[in-house]
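Chemist: Take this sequence and fold it.
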Amino acid sequence: MQDELETGNGLEMVLDIARRRKWLAIVIFLAVTAAVFTSVQYLPDVYRSSATVLIERQQIPNEFVRSTVTSALETRLQTISQEILSRSRLEALIDRFGLYEEMRQTTPIEAVLTTMRNDINLSLRGSGGGRDSTTVAFTISYTGRDPQRVAAVANTLASFYIEENLKVRGEQASGTSEFLAAQLREMELNLEKQEKEVSEFKNLYAGELPHQQEGNLSSLDQLNTRLRLNGDAQLRVSERRSDLEGQLAEVRARGEGPDATATRIAQLRQELRQLREQYSDKYPDVLRVKTEIADLVEELKQFDGVAQNETADTNPQIGQIQKAILETERQLQQLQVEADRIKDSIASYERRLANAPLREQQYQELVRDYETNRELYRSLLGRQKEAELAESMEQRQKGEQFRVIEPAFASGTPAAPDRFRLRLLGLLAAIGLAAGAVLLVEQLDGSFHTAAAIRSGSPIPVLVTIPHIVTRADRYRKALRFSLATVATVVGLGVIVAASYYFATGNHQFVARFLG
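Modeler: Have a look, this model is predicted:
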C-alpha cells in the first residue's frame with residue numbers, strides 16, 4: 001500500500017505538495033490579500049468633472065471679411081494650454097479653491113503644480129475620422145477629491161480657455177493691423193521721396209524727357225520751316241532793295257546831273273543777281289562783283305551826304321525811294337535777328353533730341369522704382385483695410401469663438417477606484433503568488449519526501465520504508481514552532497495592513513492613474 005501511494009498519479013503528488021507547503025501558501029495568500037484589500041478599502045474616492053466647449057466658426061463669410069488669425073486651431077489650443085497651465089495661473093487656482101492642502105504642507109510647490117497639471121486633461125472632439133477630421137469641440141476635465149471643487153475648477157478652466165482665445169485672437173488681429181499700418185506709413189514716406197525725385201528730374205531736364213520727344217520733333221520741323229521761310233523772306237527783301245536802288249539810280253540819272261556811280265551800282269547788282277542764280281557766294285566772279293559794288297557804295301556815300309537833301313528836296317521821287325530802301329534794310333535786320341533766334345532754338349531742340357536716350361534711361365529707372373513701390377503701396381493699403389475689418393470683427397466677437405455647451409457638474413459617483421475590480425484582481429494575484437511561491441520552494445528543496453523519489457534519484461535499492469515516529473518532544477517542538485509562526489504571521493499581517501493603510505490614505509494620484 002505504501003508503495004502504491006508513493007507511485008500514485010500527478011494529482012496525488014500535487015496534494016502531497018499542498019499538504020507540505022500549505023502554511024507557506026496560506027501566509028502568502030493572506031499577506032497579499034490583506035495588502036490589497038486594505039489598500040482598496042482606504043484608497044480615497046476621486047471625482048472627475050468635464051466641461052465641453054464648442055468651437056463656433058467665423059460668423060461672417062470669408063468672402064466678405066478674411067480673418068488675419070491664420071494659426072491652426074490645434075496649435076492655438078496648445079498655446080492657450082501652455083498659458084493656462086503656467087505657474088502663476090495654477091497657483092492662483094490652488095489658492096482660490098484651496099486645493100491640495102495636505103500635499104502643500106509636506107511637498108514643494110513644484111510637485112504640487114506637476115500633480116495639478118496631471119489632473120487636468122484636454123480632449124479634442126472631431127467631426128470626422130482620419131486625416132480629414134475637423135475639431136469641432138473640446139473637453140476640459142479635472143480630477144480631485146471634492147466633487148464640488150472639481151466641478152468649479154473644471155468650469156473655471158473652461159472660462160480661461162474662452163477668455164484666452166478671445167485675447168489671443170484680438171492680439172493677433174491688432175498686431176497684424178499695426179504692422180501693416182507701420183509698413184504703410186514707411187511706404188508713404190518712400191513714395192513721397194520718389195515723387196519728389198521724379199518731379200525734380202522733370203524740372204531739371206524739361207524738354208529732354210521721353211514723352212516729350214515727339215513734341216520736340218514736331219517743334220524742330222516747325223522751326224526748320226520757319227527758318228526756310230525766313231530765308232525766302234530775306235531773299236525777297238534783298239531783291240526788293242536791289243530794285244529800289246536801281247530805280248534810285250535811274251531817277252538820279254534823269255535828274256539835273258549825271259549819276260554814273262549810282263547807275264553803275266544798279267547794273268552791278270543786277271549782274272550779281274544773275275551770277276547768284278548760277279553760282280555760289282564763293283565763286284570768283286561773284287566775289288569780284290560784290291567787291292566792286294562795295295567800293296562804289298562807299299564812293300557814293302562820300303558825296304551823297306552833301307547832295308542828298310538837296311536832291312530829295314528838288315525831286316520827291318528820290319526821297320520816297322530812299323525811304324523804301326531804308327525800310328527794306330530794317331526788314332532785313334529784323335529777319336536776320338529772327339533767323340538767329342530760330343537757329344538757336346533749333347540747336348536747343350537738337351540737343352534735347354541728342355540727350356533723349358540718356359534721359360529716357362534715367363527716367364525709366366526712376367519711374368520703374370516708383371511704379372513698383374506704388375503697386376506695393378496699393379497692395380499694402382488693401383491688406384491694411386482688410387486687417388482693420390478683421391480687427392473690428394474680432395472686437396465685435398464675430399470671429400471664431402469658444403462657447404461652453406455642457407458645463408461641468410458635481411458628480412455623486414466617484415470616477416475611481418473600482419473597488420470590486422481591484423479586489424477581484426487582488427484575489428487572483430494572491431492565488432497566483434501563493435502558487436508560485438510553493439512551486440519555487442519545492443524546486444529549491446533538494447530533500448527526498450517519498451521512496452519513489454529516492455528510487456528515481458539514487459542507484460541504491462530501497463528495501464523497506466519506516467513511517468515517521470512522533471514523540472512527545474516532537475509534538476512540543478511542533479506546537480512551539482506553530483505558535484511562533486502564528487505570532488510572526490499575525491505581526492507581519494499587521495505591518496502589511498498598516499503599510500497599506502499608509503500608502504492608500506490620501507493617495508489620490510495613484511487612484512487617478514486608473515482613469516482614462
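
Chemist: Check the offset of the longest helix along the chain from the chain's centre.
Modeler: Ranked by residue count and defined by DSSP state H, the top helix of the chain is helix 316-395. A distance of 46 Å separates the C-alpha centroid of helix 316-395 from that of its chain, computed with CA atoms, centre = their mean, to the nearest Å.

Chemist: State the helix or strand in which Thr143 lies.
Modeler: In this assignment (DSSP states H and E), Thr143 forms part of strand 135-144.

Chemist: buried set for that strand?
Modeler: Of the residues in strand 135-144, those scored as buried under the neighbour-count criterion (16 or more other CB atoms under 10 Å) are 137-144. Any C-beta I mention is one placed from the backbone N, CA and C, and that applies to glycine too.

Chemist: Can you spell out which helices and strands pack onto it?
Modeler: strand 47-56, helix 73-84, helix 109-119, strand 120-126, helix 147-204, helix 508-512 (3 or more CB pairs under 8 Å, 6 or more residues apart in numbering; DSSP states H and E).

Chemist: Partner strands of it, with direction?
Modeler: strand 47-56 (antiparallel), strand 120-126 (antiparallel) (DSSP bridges).

Chemist: so which of these gets nearest Leu428?
Modeler: strand 47-56 (27.0 Å; CB to CB).

Chemist: what's the angle from that closest one to helix 73-84?
Modeler: For strand 47-56 against helix 73-84, the angle by axes from the mean of the first three to the mean of the last three CA atoms, to 10 degrees is 130 degrees.

Chemist: now strand 47-56 and helix 109-119, what's the angle there?
Modeler: Using the same axes, to 10 degrees, one finds that strand 47-56 and helix 109-119 are set 70 degrees apart in direction.

Chemist: buried set for strand 47-56?
Modeler: Buried residues in strand 47-56, counted by 16+ other CB under 10 Å: 47-53, 55.

Chemist: Could I get those in CSV, plus columns for distance to Leu425 and pLDDT?
Modeler: Output for these, formatted as CSV (distance: CB to CB, whole Å; pLDDT from 0 to 100):
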residue, distance to Leu425, pLDDT
Tyr47, 22, 83
Arg48, 21, 84
Ser49, 27, 88
Ser50, 27, 88
Ala51, 32, 90
Thr52, 32, 89
Val53, 36, 87
Ile55, 40, 81
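
Chemist: Out of the strands paired with strand 135-144, which is closest to Leu358?
Modeler: Checking those against Leu358 by CB to CB gives strand 47-56 as the closest, at 63.9 Å.

Chemist: From the chain's centroid, how far away is the closest one?
Modeler: 32 Å.

Chemist: and that strand with helix 147-204, angle?
Modeler: Here strand 47-56 runs at an angle of 30 degrees relative to helix 147-204 (the same axes, to 10 degrees).

Chemist: Tell me who's in contact with Ile28.
Modeler: With contacts taken as CB atoms under 8 Å, 6 or more residues apart in numbering, Ile28 has the following neighbours: 430, 433-434, 437.

Chemist: Quick check: the gap between the residue nearest to Tyr47 when sequence neighbours are not counted and Gln78.
Modeler: By the measure of CB to CB, 6 or more residues apart in numbering, the closest residue to Tyr47 outside its immediate chain neighbours is Pro147, 4.2 Å from it. With distances defined as CB to CB, to the nearest Å, the gap from Pro147 to Gln78 amounts to 29 Å.

Chemist: Give me the more crowded residue out of these two.
Modeler: Using other CB atoms under 10 Å, the more surrounded residue of Pro147 and Gln78 is Pro147, with 20 against 12.

Chemist: Isn't that one up against Gly412?
Modeler: Yes - Pro147 sits in contact with Gly412 when judged by CB atoms under 8 Å, with a separation of 7.2 Å.

Chemist: Output the below-cut-off pLDDT ranges for the stretch 401-516 of the chain.
Modeler: Along the stretch 401-516 of the chain, the parts satisfying pLDDT under 70 run over 415-418, 445-458, 462-464, 468, 470, 474, 501-516.

Chemist: So Ala434 versus Pro210, what's the distance?
Modeler: Remark: distance between Ala434 and Pro210 (CB to CB) = 105 Å.

Chemist: Check Val289 too.
Modeler: When CB to CB is applied, the distance between Val289 and Pro210 equals 52 Å.

Chemist: the more surrounded of those two?
Modeler: Taking other CB under 10 Å, Val289 and Pro210 do not tie; Val289 has more neighbours (20 against 15).

Chemist: Show me the one of the strands paired with strand 135-144 that comes nearest Glu386.
Modeler: strand 47-56 (21.8 Å).

Chemist: tally of neighbours for Leu422?
Modeler: Taking other CB under 10 Å as the criterion, the count of residues near Leu422 is 19.

Chemist: typed the wrong thing, it's Glu208
Modeler: When neighbours are defined as other CB under 10 Å, Glu208 has 22 of them.

Chemist: just Leu204 next, same as before
Modeler: As a burial measure, the neighbour count of Leu204 was computed by other CB under 10 Å and equals 9.
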